[in-house]
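Undergrad: Okay, sequence plus prediction incoming.
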Amino acid sequence: MKTKLLTFVIIFAFLSCKSDKPELLAKPSKGIKTGEKPNIILVLTDDQGWADVGFNGCTDIPTKHLDRMASEGVIFSQGYVSHPYCSPSRAGIMTGRYQARFGHDCNMPYQLENDDTVGTPLSEKMISEALKEQGYRTSAIGKWHLGDHPNLHPPKQGFDHWFGFPGGGMNYWGTAKDPIHMMYRNGKPVPEDQLSYLTNDFTEEAINFISKKDKKPFFIYLAYNAPHAPDHATKQYLENTKHIEYAGRSIYGAMVNGVDHCMGKIDSTLVANNMKDNTIVVFLSDNGGRTEHADNRPFRGHKGMIFEGGIRVPFFIRWPEQIASKLVFEKPVISLDLYPTLLAAAGGDISLETQLEGKDLLPYINQEKSEQPHDMLFWRSVGGFEYAVRKDNYKLYKSAYKDKILLFDLKKDSYERNDIAEANLDIVKELNEAYKKWDSKNIAPKWFDPHQENVLKEERKLQQTRLKSINLKKDQSSF
Ligand SMILES: [Ca+2]
């Protein structure tokens, strides 16, 4: 552990100092190929921990392709998603809006798959629709999880092409379980014998879409379900993690390594087609690492929580034509920024899209703007069952897990170990009021999932397990 943390510190310090010395950076080669719209590949992984990539300090899972690609662009050291679990986080990314604005606070309950009001509504303009207006051909590949009903599937949300499954989880062999958990291509079921291992299948589909001869630029939303459960891997990827001495992590690591291998294949395809320089590749995880086998250190908590470990994710953008390499952007950014960033890069006028809540990050990355992109960031889970506000170094977290309102100074305490709420009641009040003001523009969740009961169950189990370890007859120190 010490070695790992030390390595992280060294790597992070190395990367950080790069951003402190802008004179050392290669200047962005702005506008070399004027007029050509960039291709865009938005890659999402599922439940991958902050520290489960080499570029954030991981030492056990091999991610050489992702590490190289990250080093060829900008890494966000405070890159957040807008929700600590799957479906709402994706709703935020795809609409560019805090998903609580339209009541998308929860995963979709399975028994409502025949209800087309359960999912991101068609009235929201997804980034795919905005990019189509800019002349893009669009593809959604992988996990959807934004509406189970066919009326809410990718073809209805601005995607010309779709290969993937509608639901939240899927076995990696493509075995159909029900209409939500089965593979489709453009709305038609794909037989299992045409599938191998989903991470590979998704990649092959993306490569075919990239390689298609077409004058139009492309947008691919490539949402791997890896490394989400169930724990399925191939011999090839397991071979690459055989040095990991914990079975669960070695399989999880193989799933991450599979994504890495596939990103390498996609990158080779871009190079072979002479597209690398003018293709934007975005990589991030949809939420913090899953409870088991993932690594969110040096941050506290995991998927589901609004501690940093649940919402801060591995995140980079590479665009050789417009963004210098070896950058680390250290100010907080959020996945809601992707929509305006990508739309502006595609030539769209984001001032017309008044619904968007993120920022075009390019001027900040390229140091044309020096302020922080956001004065405040907000999180709301299950209608305010949990919520959080980030302002400068401070983060207020109303935690249902801990049944209290917590305040942290992230600059001094990035692990969120020391609750300073009682000593800073004025800041607590200010951030709580900011939350209420922000929340007044949200609507109630339009449906619910079991997250609330799961949170209480999980916390109870944690505390009971801790208690069991004590010998109450011998240990008087507890009282
Ligand atoms: Ca997820």
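TA: Here it is on my side, so go on.
Undergrad: What residues does the chain have near the ion?
TA: Residues of the chain lying near the ion by Cβ under 5 Å from the ion: Asp46, Asp47, Cys86, Asp286, Asn287. C-betas here are computed from N, CA, C, even on glycine.
Undergrad: Now do stretch 152-161: distance to the chain's middle.
TA: Stretch 152-161 sits 21 Å away from the centroid of its parent chain (Cα atoms, centre = their mean, to the nearest Å).
Undergrad: go on, stretch 145-153?
TA: With Cα atoms, centre = their mean, you get 20 Å for stretch 145-153.
Undergrad: and that stretch, how far apart are its ends?
TA: Using Cα to Cα, to the nearest Å, the end-to-end distance of stretch 145-153 comes to 9 Å.
Undergrad: Next, count neighbours for Leu112.
TA: A count of nearby residues for Leu112, using other Cβ atoms under 10 Å, gives 14.
Undergrad: Quick one: residues contacting the nearest residue to it once chain neighbours are set aside.
TA: Spatial nearest neighbour of Leu112, excluding adjacent residues (Cβ to Cβ, 6 or more residues apart in numbering): Val118 at 4.5 Å. Counting by Cβ atoms under 8 Å, 6 or more residues apart in numbering, Val118 touches Met108, Pro109, Leu112, Gly147, Asp148, His149, Lys446, Trp447.
Undergrad: Got the phi and psi for Val118?
TA: Val118 adopts backbone torsions of phi -100, psi 100, taken as degrees, to the nearest 10.
Undergrad: on that earlier part again, just the residues of the chain next to the ion now: which is nearest Gly358?
TA: Using Cβ to Cβ, Asp286 comes nearest to Gly358 of these, at 15.9 Å.
Undergrad: Flag the least confident of the contacts of Val118.
TA: Among the contacts of Val118, Leu112 carries the weakest pLDDT, at 74.
Undergrad: Now do the same contact list for it.
TA: Residues in contact with Leu112 (Cβ under 8 Å, 6+ apart) are Val118, Asp148, Trp447.
Undergrad: Determine the three-state secondary structure at the closest residue to Lys156 other than its chain neighbours.
TA: Excluding its sequence neighbours, the residue lying closest to Lys156 (Cβ to Cβ, 6+ apart) is Leu122, at 6.2 Å. When classified by DSSP: H, G, I helix; E, B strand; the rest coil, Leu122 comes out as coil.
Undergrad: What residues does Leu122 make contact with?
TA: Contacts for Leu122 (Cβ under 8 Å, 6+ apart) come out as Asn151, Leu152, Lys156, Gln157.
Undergrad: try Ile311
TA: Residues near Ile311 by Cβ under 8 Å, 6+ apart: Tyr80, Val81, Ser82, His83, Pro84, Asn287, Gly288, Trp379, Ala388.
Undergrad: Can you tell me which of those residues is closest to Glu368?
TA: The nearest member of the contacts of Ile311 to Glu368, counting by Cβ to Cβ, is Tyr80 at 22.4 Å.
Undergrad: which one is Leu44 nearest to, not counting chain neighbours?
TA: Per Cβ to Cβ, 6+ apart, closest to Leu44 is Ala223, 4.4 Å.
Undergrad: First residue to last residue on stretch 265-282, what's the distance there?
TA: Across stretch 265-282, first to last residue, Cα to Cα, it's 16 Å.
Undergrad: From the chain's centroid, how far away is that stretch?
TA: Put simply, stretch 265-282 sits 21 Å off its chain's centre (Cα atoms, centre = their mean).
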